[in-house]
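Undergrad: Build the 3D model from these lines:
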Amino acid sequence: MVEDRTWGNRIFGAVNMLLLTLIALVTLLPFIHVLAGSLTTAAEMSAKKFILFPTTISLDAYAYIFSTNTILRAMLISIGVTVGGTFISMFLSSLMAYGLSRRDLDGRRTIMFMVVFTMLFNGGMIPTFLVVKELGLIDNYMALILPVAINAFNLIILRSFFQNLPEGLEESAKIDGCNDFGILFRIVLPLSMPALATISLFYAVTYWNTYIHAILYLNDSTMYPMQVVLRQIVILATGMSNESGAFDADYIAPPEQTIKMAVIVVATVPILLVYPFLQKYFAKGALLGSIKG
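TA: Numbers count the residues shown, from 1 in each chain. Next up is the predicted model:
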């Protein structure tokens, strides 16, 4: 009987491995297709509908995208907004989450109700724009950060994680003369690295992909982040816009589909490079932060 169970476990494990491998390949194929399509030639792109391994490597699409310093400037802007916005969001979210995790805080339930309420209802685009305008943040990079500085979902996960920490640690710190800020920055945050890494990744992806806020609050095209500039490149490549001043008028653009794939690669790869460094924290932080609320 033990031997039968052992063989059954082996067969079950082999089937699981096969299915998971197939699912991983199906998930990975679109990324390979996009990368290969961005590196192929115009003739091959026209001849084939689905490309995984280009026969001839061509960098024409990337040469078109990087034909001026516009994309480099936009990438630096996106990196600055992402890094600065993530730092501000984590600082504010950590302070608020820690305060709401304290059971001795008066009005804690009322504040949490207002936080959860914003997940269901919000002021909308026009009221938010009016607030940003009255604050004098038009054509200011802070307009891309402050309206989304604290995300209610991320705040709830972080608060739940803080609540799961042993209360004895805070009590011991108070006995040693540590104040609330000392407890937060010296004890709570160092013990919350999985949650902090996970929430930081959530915020970083949000800021990296910022688009609609840049369209609404930035009138100066030289301040556009990468997502907006990449969209303009696609529009120029498809001939839908006459605003071609940012690119060489004598430059022959590669096929539209190749440019679209190259744009996807340029917009996706930088943020994907962050995942390997945070992968070991990601699942643990998301799960532990959702055990109880």
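
Undergrad: so where's the stretch 151-293 of the chain shaky on pLDDT?
TA: Within the stretch 151-293 of the chain, the ranges that satisfy pLDDT under 70 run 237-255, 278-293.

Undergrad: Which residue ranges of it form helices?
TA: Along the stretch 151-293 of the chain, the stretches classed as helices by DSSP state H, counting those that start in this stretch are 152-163, 167-175, 180-183, 189-191, 193-208, 212-217, 226-238, 256-272, 275-288.

Undergrad: what packs against the first one?
TA: Counting contacts by 3 or more Cβ pairs under 8 Å, 6 or more residues apart in numbering; DSSP states H and E, helix 152-163 is packed against helix 70-101, helix 108-120, helix 193-208, helix 275-288. The C-beta positions use only the backbone N, C-alpha and C, and glycine is treated the same way.

Undergrad: buried residues in it?
TA: A152, N154, L155, I156, I157, L158, R159, S160, F161, F162, Q163 (16 or more other Cβ atoms under 10 Å).

Undergrad: Reformat those residues as a markdown table; add distance to V34.
TA: Output for the buried residues of helix 152-163, formatted as a markdown table (distance: Cβ to Cβ, whole Å):
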| residue | distance to V34 |
| --- | --- |
| A152 | 33 |
| N154 | 29 |
| L155 | 34 |
| I156 | 34 |
| I157 | 31 |
| L158 | 34 |
| R159 | 38 |
| S160 | 37 |
| F161 | 35 |
| F162 | 40 |
| Q163 | 42 |
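
Undergrad: for those residues, which one is nearest T86?
TA: Nearest to T86 out of the buried residues of helix 152-163 is N154 (Cβ to Cβ; 11.0 Å).

Undergrad: re the thing from before, quick one: closest of the helices and strands packed on helix 152-163 to I215.
TA: Proximity to I215 (Cβ to Cβ) singles out helix 70-101 among those, at 13.6 Å.

Undergrad: Check which residues of the closest one are buried.
TA: In terms of neighbour count (16+ other Cβ under 10 Å), helix 70-101 has its buried residues at 70-71, 73-75, 77-78, 81-82, 85-86, 88-90, 93-94, 96-98, 100-101.

Undergrad: now do stretch 194-210
TA: For stretch 194-210, burial by neighbour count (16+ other Cβ under 10 Å) applies to 194-204, 206-210.

Undergrad: same check, this time on stretch 46-58
TA: Here stretch 46-58 shows I51, P54, S58 as buried, counting by 16+ other Cβ under 10 Å.

Undergrad: Quick one: end-to-end length of it, please.
TA: This stretch, stretch 46-58, spans 14 Å end to end (Cα to Cα, to the nearest Å).

Undergrad: Return the distance of it from the chain's centre.
TA: Distance of stretch 46-58 from the chain centroid (Cα atoms, centre = their mean, to the nearest Å) equals 30 Å.

Undergrad: Ok, stretch 38-55 next?
TA: Distance, centroid of stretch 38-55 to centroid of chain: 30 Å (Cα atoms, centre = their mean).

Undergrad: Okay, now it: how far is its last residue from its first?
TA: Stretch 38-55: ends 13 Å apart by Cα to Cα.

Undergrad: rewinding a little: closest to M114 out of the helices of the stretch 151-293 of the chain?
TA: In terms of Cβ to Cβ, the element of the helices of the stretch 151-293 of the chain nearest to M114 is helix 152-163, at 9.5 Å.

Undergrad: My guess is V188 contacts F161. True?
TA: No - assessed by Cβ atoms under 8 Å, V188 is found out of contact with F161, at 9.4 Å.
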